[in-house]
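# The following comprises the amino acid sequence and a computationally predicted model.
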Amino acid sequence: MGLFVQRPEEPSEWAGLPGEPARPKTRAELLPDDEQPAAVPGLLDLGGSSVTSVEIPLGD
């Protein structure tokens, strides 16, 4: 029948991915992910600041 025969204009590899380039890993790629420093709230000025809210009136 020839229903599933490949036509000559279709490439044989339609979804082939290129291989990864051979290169050494950088220092950022070799860093461990499990040892992260603790977050310091003082860096973002979140330490002793007070909370302020704003009331927005809604029209009835």
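Received, thanks.
# Low-confidence stretches in the protein?
With pLDDT under 70 as the threshold, the chain has low-confidence stretches at 1-2, 5-21, 35-36, 41-49, 60.
# how about a cut-off of 90?
Low-confidence segments of the chain, defined by pLDDT under 90: 1-53, 58-60.
# Quickly note the distance from Arg27 to Pro57.
Counting by C-beta to C-beta, to the nearest Å, the separation of Arg27 from Pro57 is 55 Å. Where you see a C-beta, it was placed from the backbone N, CA and C, and this is true even at glycine.
# ditto for Ala28
For Ala28, the distance to Pro57 equals 50 Å [C-beta to C-beta].
# ditto for Val40
Taking C-beta to C-beta as the measure, Val40 falls 38 Å from Pro57.
# So which of those two has more stuff around it?
The neighbour comparison of Val40 against Pro57 (other C-beta atoms under 10 Å) goes to Val40, with 9 against 5.
# who touches the more buried one in this structure?
With contacts defined as C-beta atoms under 8 Å, 6 or more residues apart in numbering, Val40 has no neighbours.
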